[in-house]
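Colleague: Quick one: sequence plus predicted model below, questions after.
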Amino acid sequence: MTYGALPNLVNVSVILVEPATPGNIGSTARAMKTMGLSDLVVVNGVKFKGTVQAAMMGHGAGDLLDSARELPTWEEATAGIHWLVGTTHRKRRAQYPQMIPAREAAVKVASLSEKHRVGLVFGREETGLTDAELRKCHDIASVAQSAEHPSLNLSQAVMIFAYEVFLASLGEVARQHYNLATVHEVESMLQHMATSLAKVGFVPHQGNPDTFLRALRRVISRAPLEKRDVNVLHRICQQIDYYVKDHS
């Protein structure tokens with residue numbers, strides 16, 4: 001059974017972090033095209049455009065490979081994104097947001113992508129996403145797998161998530177009325193908060209600012225922040241800055 005284009009899918013980006021082979025990128029593009037996704041972003045990956053392997057494995061998805069964005073850094077790849085879903089097959093650890101099934105993540109992606117840009121992030125073939133990268137995601141999602149061999153090929157993982165997002169986008173989708181801040185706007189606010197608190201003598205646990213920022217990201221990932229929420233937090237930090245300046 002086939003369907004026409006679903007407008008929200010234009011707002012969903014598939015972000016591959018340091019993929020190692022042109023074939024996996026080609027297979028990813030083919031999986032995306034099959035499920036109506038079109039925005040492929042490759043971060044610091046192997047060169048694939050014009051290669052035989054990518055073209056062969058991406059049969060029918062040459063337009064996606066041609067238009068794929070090749071970017072050197074995470075920051076550039078996530079610019080303008082409002083919600084990030086990191087993918088992993090690791091067991092949940094306390095430092096990450098709560099791990100959710102791929103199907104649950106897809107329902108949220110389908111809803112948010114009606115008005116916002118959402119990124120599905122996939123890690124390296126051998127090691128996946130790093131702890132630091134997973135901590136930068138709002139949600140962490142995984143696919144239930146057999147305990148005997150809990151590992152999917154990169155393009156297989158993309159296909160499963162793409163299918164779930166496509167399926168969740170059909171029919172009636174729960175609309176979100178948020179005006180979400182982008183990933184970079186939230187990060188700017190977090191940095192501002194850490195700087196302002198340091199001015200009034202706040203000392204993070206074990207004196208490590210990165211640990212404090214990690215905890216803040218974990219708290220904030222539990223609820224979507226709108227632009228107005230970020231502005232309010234900036235204003236609070238500004239008042240701290242003004243107070244410190246006037247009393248120094």
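Modeller: Thanks, I have it. This one's a predicted model, so the numbers in the text were calculated from it and none came from an experiment.

Colleague: residue contacts, residue 37?
Modeller: Residue 37 is in contact with 9, 12, 14, 162, 165-166, counting by CB atoms under 8 Å, 6 or more residues apart in numbering. No exception for glycine: its C-beta is placed from N, CA and C like everyone else's.

Colleague: Can you pick out the most distant pair from those residues?
Modeller: Using CB to CB, the pair of the contacts of residue 37 lying farthest apart is 14 and 166, separated by 12.3 Å.

Colleague: Look at these two and report which has more neighbours.
Modeller: Neighbours per residue (other CB atoms under 10 Å) separate residue 14 from residue 166, with residue 14 holding more: 25 against 20.

Colleague: show me the contacts for that one.
Modeller: 28, 32, 37, 39-41, 119-120, 122, 158, 162.

Colleague: Going by distance to residue 189, which of those residues wins?
Modeller: Of the contacts of residue 14, the one sitting nearest to residue 189 (CB to CB) turns out to be residue 119, at 18.9 Å.

Colleague: Write a ChimeraX command that selects only the buried members of the contacts of residue 14.
Modeller: Listed next is the ChimeraX selection for buried residues among the contacts of residue 14, using 16 or more other CB atoms under 10 Å:
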select :28,32,37,39,40,41,119,120,122,158,162
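
Colleague: And the contacts of residue 37, which is closest to residue 112?
Modeller: Taking the contacts of residue 37 together and measuring to residue 112 by CB to CB, the closest member is residue 12, at 9.2 Å.

Colleague: OK, contacts around the closest one?
Modeller: Contacts of residue 12 by CB under 8 Å, 6+ apart are 37, 39, 109, 113, 117-120, 165.

Colleague: what would the contacts of residue 37 look like in TSV with distance to residue 69, secondary structure and pLDDT?
Modeller: Shown next, in TSV, are the contacts of residue 37 (distance: CB to CB, whole Å; DSSP: H, G, I helix; E, B strand; the rest coil; pLDDT from 0 to 100):
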residue	distance to residue 69	secondary structure	pLDDT
9	17	helix	96
12	14	strand	98
14	11	strand	98
162	18	helix	98
165	19	helix	97
166	21	helix	96
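
Colleague: helix, strand or coil for residue 174?
Modeller: coil (DSSP: H, G, I helix; E, B strand; the rest coil).

Colleague: So what does it have for phi and psi?
Modeller: When read as degrees, to the nearest 10, the backbone of residue 174 gives phi -60, psi 120.

Colleague: okay, it: pLDDT?
Modeller: As predicted, residue 174 sits at a pLDDT of 74.

Colleague: Verify the stated contact: residue 25 with residue 58.
Modeller: Yes: counting by CB atoms under 8 Å, residue 25 does reach residue 58; the two are 7.4 Å apart.
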